[in-house]
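# pasting a predicted model and its sequence here:
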Amino acid sequence: MELSAGLRSRLAELRGDLLHERPLQGTVPDAGWLACDLLEAGLDTPAVQELAGQALSIGPMSEVESLVRQMLTEAGFPPIDVRRDPWAVARDVAQGIAEGSLPVPRGADFLIVESMSACGHPEEIMELMLLIDDWEALRGEPPTDEELRDRAARVVEAADAHLGGETGGAA
């Protein structure tokens, strides 16, 4: 089952919110209606069903965060555990950017602010930062999402090399 670009974007945004360990924005009905849309798209899983039943509830989305996390996992957008080895986290974040399962701005921000120092200022993350921060001086036009995804793919390669070729896994 292939999810629409709109549904993938909504799931990626939630995944990005969890990456920064911020309280989830929105309300329980927001999560419920997203779950309803996922059901309509053919994703019929336990967490999606349970959240769909919350569509008419009230309260902040943080009240159903564990269900949201489970729904993201069931939809193929597993939250990234940021408590692991910094290179494994950087790999998963960069992979999310490259494949589109994390919004470019949130993922790039995490790599620059959180991962760069923890990973010893690798050249690949520095290049991503320069592309984002110094584009006016370097080229006169902002980088495209595709260019940023390409740079993120280079971070994945560097992380794989650092980790000895093992994949980080998003768990």
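It's in. Numbers count the residues shown, from 1 in each chain.
# how far off centre is the longest helix seen in the chain?
If you go by DSSP state H, the chain has its longest helix at helix 145-162. On the basis of CA atoms, centre = their mean, to the nearest Å, helix 145-162 is displaced by 14 Å from the centre of the chain it belongs to.
# what does stretch 80-87 give?
Chain-centre distance of stretch 80-87: 13 Å, with CA atoms, centre = their mean.
# who touches that stretch?
Stretch 80-87 is contacted from outside by 15, 18-19, 21, 89, 92-93, 96, 114-115, 118-119, 159, 162-163, 168, 170-171, using CB atoms under 8 Å, 6 or more residues apart in numbering. Glycine gets a C-beta too; all of them are placed from N, C-alpha and C.
# so which elements touch the helix or strand hosting residue 131?
Residue 131 is part of helix 123-133 when elements are defined by DSSP states H and E. Packed against helix 123-133 by the contact rule (3 or more CB pairs under 8 Å, 6 or more residues apart in numbering; DSSP states H and E) you find helix 116-118, helix 145-162.
# could you chop this structure up by domain?
The record's domain parsing of the chain by automatic domain parsing lists 5-74, 86-162.
# contacts only, for residue 22.
Per CB under 8 Å, 6+ apart, neighbours of residue 22: none.
# now do residue 112 against residue 13, distance only.
19 Å (CB to CB, to the nearest Å).
# again but with residue 80, I slipped
For residue 80, the distance to residue 13 - CB to CB - is 14 Å.
# in terms of neighbours, single out the busier of these two.
Legend: neighbour count by other CB atoms under 10 Å for residue 80 and residue 13, higher for residue 80 (26 against 17).
# hang on, that one in a strand?
No. Residue state for residue 80 (DSSP: H, G, I helix; E, B strand; the rest coil) corresponds to coil; a strand is not indicated.
# mind checking the SS state of the residue nearest in space to the middle of the chain?
The chain has residue 102 as the residue nearest its centroid, 2.9 Å off, counting by CA atoms, centre = their mean. Put simply, residue 102 is coil when judged by three-state DSSP.
# what about the helices in this structure?
Counting by DSSP H, the helices of the chain are 5-19, 28-40, 46-52, 65-74, 86-99, 104-110, 116-118, 123-133, 135-138, 145-162.
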